[in-house]
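Chemist: based on what follows, work out the 3D shape:
(chains A, B and C)
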Amino acid sequence: MKPAIPSREEALQLARASLQMVRTEVFPRAERMVAVARARWLFRAFQMGRDVAAYGQVAARNDGHAEFGDKLTFLGGMLPTSVVCYEHARLLVGSETQFNYGASVEAWESVQIGARCMFASFVRVSDRDGQRISPIIIEDDVWVAHGAILLPGVRIGARSVVSAGSIVSQDVPPDSLAMGNPARSMSLDLVAREATGS
Amino acid sequence: MMMLGMGPAVARLKLRRCEAVGATPTVWGRVWIHGGGEILIGDRVVFDARMAPIELHAQRGGRIVIEDDVTIEGGSSIEAQSLVTLGARSRLGMWCKLMDNMYHPVRGNRHARPQSVPLVVEEGVSVGSRSILLPGAHLQKGASVASGTVISRRIPPGVTVGGSPARVLRREVAR
Amino acid sequence: MSTRDTLRTFIIDTFFVDDFADDDSFLRKGLIDSTGMMELVAFIETEFHIKLDDKELVPENLDSLSRVVAFVDRKQSLAKAS
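Modeler: Residues are numbered from 1 along each chain as shown, chains lettered A, B, ... in the order given. Okay, here's the model as predicted:
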């Protein structure tokens, strides 16, 4: 006959399993809720879609017209991310775009960012460089890797990748990889196999 | 703190999340250590994070090995999914980034994670500020990297590389 | 040195690849990665005094040694003609 009370091992196993569940299910959800609430407060001056989450520190300021899509993510880390939209400027960010820590987006006239883009740590996007102001357009599904700098007036085509540490001063066509200082773009076919990555 | 001879003790406290810390570590400022991997630190290592914090991130199954007499300046970040090694007497300048995984494939599903390639920095290497070492980078003994360089391949011993795309600036003839 | 030998020496010295065939795809054989490809482009430009347009950085021109050699020859004859 099986005893009604579980054995020591069973009890331990149960405790471990529930702890594990707390760690993998409860904590991330709680964290996300806190992040969403934070984002609501931080971006109170922004027009914003649903479920924008800010996990880390964000220095946000909007004196112009700034609009966010749904489900944006701002990750936390070593340094705060900064999102600034100055007077009479326009800043549009599409849905599901992610920003890693230390990224900085500055709009003096117009910066448009598409949906599902990824901005890695220390990426700088500014449409003013001290000499000129010229709008920046970043299309959908663009990945800007660590430490890249996008200069005023560039347009990054859909699905393109800006590689780490590049300084982009010219337009990048769709489906290409930009690299170097100043950045040059090459076809993604040259460096990555179809659909599998490199 | 330093004046009171408390430096190493404070440093040890700041590095408490590392698996091993050698003799007399020095830590100025904040070192952000996270992830479930292993971090091993040798003797007399200096973390100078007064200007900006330093990040050491070893994910589960990943390992960061920092050997003796290494100096790491502020703003640098080391991320390991498999293995990142910093050889003895090497130096990392400010805002360096070392990662052994690209995290996202260039094409296709951006949320699939590509394969890691271990990153090795050998003895006596100096890495200039704002340099980025990508997966597969292997800086051999005494190589040096000018600031702002991006590297993802082997650099032979004693060679100085710089620029973007990287090119050899100088080869040391006699060693 | 011929164009082919110059390029071959550069690729072997820079990317530490073992011997490879002229028709081996750089991408599929994993000989050169994306950063390496940029270095190769920079080398071609300085070594052969030609200017590559970003539109020309496609696999048809650069994915194997034989293609690169053919491409460089074509560019050089074009430069001479003009």
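Chemist: what about residue A:132, neighbour count?
Modeler: Neighbours of residue A:132 under the rule other C-beta atoms under 10 Å in any protein chain shown: 11. No exception for glycine: its C-beta is placed from N, CA and C like everyone else's.
Chemist: that one contacts residue A:153, doesn't it?
Modeler: Yes - Residue A:132 lies in contact with residue A:153 (C-beta atoms under 8 Å); the separation is 7.4 Å.
Chemist: let me know the pLDDT of whichever residue of chain B sits closest to chain C.
Modeler: Proximity of chain B to chain C (C-beta to the nearest C-beta) peaks at residue B:165, 3.8 Å away. As predicted, residue B:165 sits at a pLDDT of 84.
Chemist: quick check: closest non-adjacent residue to it.
Modeler: Distances taken as C-beta to C-beta, 6 or more residues apart in numbering or on different chains place residue C:38 nearest to residue B:165, at 3.8 Å, with adjacent residues excluded.
Chemist: one step back: the residue of chain B closest to chain C reaches residue A:179, doesn't it?
Modeler: Yes - Residue B:165 is in contact with residue A:179 according to C-beta under 8 Å; the separation is 6.9 Å.
Chemist: common neighbours of these two, please.
Modeler: Residues touching both residue B:165 and residue A:179 by C-beta atoms under 8 Å, 6 or more residues apart in numbering or on different chains: B:150, C:35, C:38.
Chemist: next, count neighbours for the residue of chain B closest to chain C.
Modeler: Using other C-beta under 10 Å, residue B:165 has 22 neighbouring residues.
Chemist: which residues of chain A lie near chain B?
Modeler: By the rule C-beta under 8 Å from any C-beta of the partner chain, the part of chain A lying against chain B is A:77-79, A:116, A:118, A:121-122, A:141, A:143, A:146-147, A:159, A:161, A:163-167, A:177, A:179-181, A:188, A:191-198.
Chemist: contact partners of the helix or strand hosting residue C:68?
Modeler: Secondary structure from DSSP states H and E places residue C:68 in helix C:65-81. The contact list for helix C:65-81 (C-beta under 8 Å, 6+ apart) reads C:3-4, C:7-8, C:11, C:20, C:22-24, C:40, C:44, C:48-50, C:52, C:56, C:59-62.
Chemist: phi, psi of the nearest residue to residue A:190 once chain neighbours are set aside?
Modeler: Nearest residue to residue A:190, sequence neighbours excluded (C-beta to C-beta, 6+ apart): residue C:59, at 5.0 Å. The phi/psi pair for residue C:59 (degrees, to the nearest 10) reads phi -60, psi -30.
Chemist: can you check the pLDDT for residue C:59?
Modeler: pLDDT for residue C:59: 90.
Chemist: for it, grab the count of nearby residues.
Modeler: The number of residues near residue C:59, taken as other C-beta under 10 Å, comes to 18.
Chemist: residue A:36 too?
Modeler: For residue A:36, the number of neighbouring residues by other C-beta under 10 Å comes to 16.
Chemist: pretty sure it contacts residue A:52?
Modeler: Yes - counting by C-beta under 8 Å, residue A:36 does reach residue A:52; the two are 6.9 Å apart.
Chemist: what about the helices in the chain?
Modeler: No chain specified, so I'll use chain A. With DSSP state H, the ranges of helices along chain A come out as A:8-21, A:27-42, A:188-191.
Chemist: my question was about chain C
Modeler: All helices of chain C, identified by DSSP H, fall at C:3-15, C:34-48, C:59-62, C:65-81.
Chemist: what's the closest of those to residue B:46?
Modeler: Nearest to residue B:46, of all those, is helix C:34-48, at 29.8 Å by C-beta to C-beta.
Chemist: what residues sit buried inside that closest one?
Modeler: By 16 or more other C-beta atoms under 10 Å in any protein chain shown, the buried positions in helix C:34-48 come out as C:34, C:35, C:36, C:37, C:38, C:39, C:40, C:41, C:42, C:43, C:44, C:48.
Chemist: give the closest residue to the first one in space, chain neighbours not counted.
Modeler: The one in question is residue C:34. Using C-beta to C-beta, 6+ apart, the closest residue to residue C:34 is residue A:191 (4.0 Å).
Chemist: can you tell me, leaving aside adjacent residues, what's nearest to residue 48?
Modeler: If you meant another chain, say so; for now it's chain A. Spatial nearest neighbour of residue A:48, chain neighbours left out: residue A:68 (4.5 Å); criterion: C-beta to C-beta, 6+ apart.
Chemist: please go with chain C instead
Modeler: residue C:72 (5.6 Å).
Chemist: what does chain B have sitting close to chain C?
Modeler: When proximity is defined as C-beta under 8 Å from any C-beta, chain B approaches chain C at B:106, B:134, B:136, B:150, B:151, B:152, B:153, B:154, B:165, B:166, B:167.
Chemist: of these - the most surrounded one?
Modeler: residue B:150 (28 neighbours).
Chemist: ok, that residue - contacts?
Modeler: A:163, A:164, A:165, A:166, A:179, B:131, B:132, B:134, B:164, B:165, B:166, C:35.
Chemist: get me the contact residues on chain B for chain A.
Modeler: Residues of chain B lying near chain A (C-beta under 8 Å from any C-beta): B:32, B:52-55, B:75, B:77, B:95, B:97, B:99, B:104-110, B:112, B:114, B:130-132, B:134, B:148-150, B:163-165.
Chemist: in PyMOL, how would I select the buried members of the residues you listed?
Modeler: The following PyMOL line selects those of the residues of chain B next to chain A that are buried, judged by 16+ other C-beta under 10 Å:
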select buried, chain B and resi 52+53+54+55+75+77+95+97+99+104+105+106+107+110+114+130+131+132+134+148+149+150+163+164+165
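Chemist: centroid residue for chain C?
Modeler: residue C:68 (4.1 Å; C-alpha atoms, centre = their mean).
Chemist: possible to save the buried residues of helix C:34-48 as CSV with distance to residue A:173 and pLDDT?
Modeler: Below are these laid out as CSV (distance: C-beta to C-beta, whole Å; pLDDT from 0 to 100):
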residue, distance to residue A:173, pLDDT
C:34, 16, 88
C:35, 20, 90
C:36, 21, 90
C:37, 16, 91
C:38, 16, 91
C:39, 21, 91
C:40, 20, 92
C:41, 16, 92
C:42, 20, 91
C:43, 23, 92
C:44, 21, 93
C:48, 25, 92
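Chemist: returning to what we had before: do you know how far the residue nearest to residue A:48 is from chain C?
Modeler: Here residue A:68 is placed at a distance of 32 Å from chain C (C-beta to the nearest C-beta, to the nearest Å).
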